[in-house]
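Student: fold the following and give me the result.
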Amino acid sequence: MRYSQVPFLVASLIGLAQGLVLPDAAKGLSSVVKARDASTEFGDVVARALTCSGTTQCTTCPGPNVKSGKCPVGANCKRSIDEDGEPHVSSLEARVKIPFDRIKSGNWGPGKVIETAGLSFCSVMAVYDQGKWIMAHIPPAREENGQLINTGEDVIDGFKEAMTSKYNDANMQGPQGYLLVNTVLDPDLLRSMQSWFQQRNIPTVVQPYTREQTIAGSGNFVISREAVAWPPIVTFI
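Tutor: Predicted coordinates for the structure are as follows:
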């Protein structure tokens, strides 16, 4: 185990809590939400504020209800479901969201955005060129029924293997890398993730963040080509 005992337990519990499924968004959408520009994160925030209250919280407004197969008014329902249970997003759609403890890849171009949310102790590995991208949202550990089933080292090793498989298939030209990590991450684990990029001679930005920068599960990481075609704008809020 690479974490010291107390930070590791806190990191595990908070990281796992990020994977909880929240209740579906309320069906009624206000006229303001219908008119919003859903292509920006600000639009998403406004939408949630207007449509979600009390015990009803939104994870996607106005995205489709994956479990029921129904869609709120204004949602794009012409989507298949990926093997991980998430709505499949084609390269023609503007915004792709990578869930907690998942890795995704795809094609992209000017105007497109890839993002992942709910970060507090997790890490993000991303690699992209002008035509393709890969992103992984990596938890600090995994638990099941109160028992540790995967240490941070196990989890990172698994994601590195998945990154390798997708990267080999992508045949990227002039790829760039990005690594987002919490400062509590063990230095050996950081070096392990950095080595994946170094072994492939991928120039990589390493961005640390602290627990004080995020309320539990509030961090949002975005790689965007909305404002400029290339290079993309990377933000973490």
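
Student: let me know the secondary structure of residue 168.
Tutor: Following DSSP: H, G, I helix; E, B strand; the rest coil, residue 168 is assigned to helix.

Student: now do it, the pLDDT please.
Tutor: pLDDT, residue 168: 97.

Student: please begin residue numbering at 170 from this point
Tutor: In the new count, where the first residue is 170, that last one comes out as residue 337.

Student: what number of residues lie near it?
Tutor: Close neighbours of residue 337, defined as other CB atoms under 10 Å, add up to 10. Placement of C-beta: from N, CA and C, glycine included.

Student: mind giving me the domain split of the chain?
Tutor: For the chain, automatic domain parsing gives the domain ranges 189-257, 268-406.

Student: mean pLDDT lowest for which of those?
Tutor: domain 189-257 (a mean of 39).

Student: all strands for the protein, in order.
Tutor: Using DSSP state E, the strands found in the chain span residues 264-266, 271-276, 282-288, 292-297, 301-307, 311-313, 316-319, 345-351, 373-378, 388-393, 402-405.

Student: ok and the second one relative to strand 292-297, angle-wise?
Tutor: Read that as strand 271-276. Interaxial angle of strand 271-276 relative to strand 292-297 (axes from the mean of the first three to the mean of the last three CA atoms, to 10 degrees): 10 degrees.

Student: buried residues, strand 271-276. List them.
Tutor: For strand 271-276, the buried set under the neighbour-count rule, 16 or more other CB atoms under 10 Å, comprises 271-275.

Student: tell me the one among the residues you listed nearest to residue 385.
Tutor: Within those, proximity to residue 385 (CB to CB) peaks at residue 271, which comes in at 19.4 Å.

Student: who's that closest one bridged to?
Tutor: Judged by DSSP bridges, the bridge partners of residue 271 are residue 306.

Student: so it makes contact with residue 305?
Tutor: Yes: under the criterion of CB atoms under 8 Å, residue 271 makes contact with residue 305 at 7.3 Å.

Student: and for these two, which residues touch both?
Tutor: Common contacts of residue 271 and residue 305 (CB atoms under 8 Å, 6 or more residues apart in numbering): none found.

Student: quick one: the nearest residue to residue 375 once chain neighbours are set aside from residue 271, how far?
Tutor: With sequence-adjacent residues excluded and distances taken as CB to CB, 6 or more residues apart in numbering, residue 375 is closest to residue 348, at 4.8 Å. According to CB to CB, to the nearest Å, residue 348 stands 17 Å off from residue 271.

Student: over to residue 354?
Tutor: 19 Å.

Student: equivalent analysis for residue 392, please.
Tutor: 16 Å.

Student: ok, how many other residues are close to residue 282?
Tutor: Neighbours around residue 282, by other CB under 10 Å: 20.

Student: for it, which residues are in contact?
Tutor: Per CB under 8 Å, 6+ apart, neighbours of residue 282: 208, 263-265, 391-395.

Student: partners of it in the sheet?
Tutor: Residue 282 has these beta-bridge partners by DSSP bridges: residue 264, residue 393.

Student: what comes into contact with stretch 360-376?
Tutor: 292, 294, 296, 322, 325-326, 329, 332-333, 336, 344-350, 359, 403, 405.

Student: start and end of that stretch, how far apart?
Tutor: 13 Å (CA to CA, to the nearest Å).

Student: can you map out the helices along the protein?
Tutor: For the chain, helices defined by DSSP state H occupy the ranges 174-186, 200-203, 210-220, 321-339, 356-367.

Student: hang on, the residue nearest to residue 375 packs against residue 304?
Tutor: No: shown here, residue 348 and residue 304 do not form a contact pair, counting by CB under 8 Å, at 11.1 Å.
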